[in-house]
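In: Sequence first, predicted model second:
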Amino acid sequence: MKILVINGPNLNMLGIREPGIYGRQSYTALVQFVRDVCASHGAEAECFQSNHEGDIVDKIQAAYGNADGIVINPAAYTHTSVAILDALKAVSIPAVEVHLSDVNQREEFRRISYAGMACEKTYAGYGFDGYRMAIEYLVEHYG
Ligand code: DQA
């Protein structure tokens, strides 16, 4: 099975950005973690990160017919982007939402998730492990 893992804006700054919230590990370490988890389940991983909403929409559209599952951390676009929600609905590829931090325990504006409305599950507040849980959910249900 092929899993597309999408990370949104500022997640390329992992390890540098607000380490008290997002941890000290880098985006490169996250990609390695995701690849290892996928490999351990016999799944293929494609990792994509962008700071641009339209590029994320393009990537989701390009996944149509090419990916069996999507793991997405839309980062700040979680709370604003109807375009990402609509793209996920358009392709109707099984999707799981991940957040490193527990968005429900932070500012009020982080409690709304548009992308989450098109996702089967959300894992928030588990750090890198949330990505493992999301991959395992997809492998279990669609692998
Ligand atoms: C985040 C939470 C978002 O609210 C924030 O804008 C991010 C990262 C997380 O992984 O915890 O950039 O998606």
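Out: Received the coordinates, thanks. Residues are numbered from 1 along each chain as shown.
In: Check the burial of A87 by counting its neighbours.
Out: A87 sits with 23 neighbouring residues when counted by other CB atoms under 10 Å. Where C-beta positions appear, they are placed from N, C-alpha and C, glycine not excepted.
In: C47 too?
Out: With neighbours defined by other CB under 10 Å, the count for C47 comes to 18.
In: quick one: it is in a strand?
Out: Yes - per DSSP: H, G, I helix; E, B strand; the rest coil, C47 lies within a strand segment.
In: how close does it get to the ligand?
Out: Look at C47 and the ligand: by CB to the nearest ligand atom, to the nearest Å, they are 15 Å apart.
In: There's contact between that residue and F33 in this structure, I believe.
Out: No - the pair C47 / F33 is not scored as a contact, 10.1 Å apart, by CB atoms under 8 Å.
In: any idea how far G130 lies from K89?
Out: G130 sits 22 Å away from K89, going by CB to CB, to the nearest Å.
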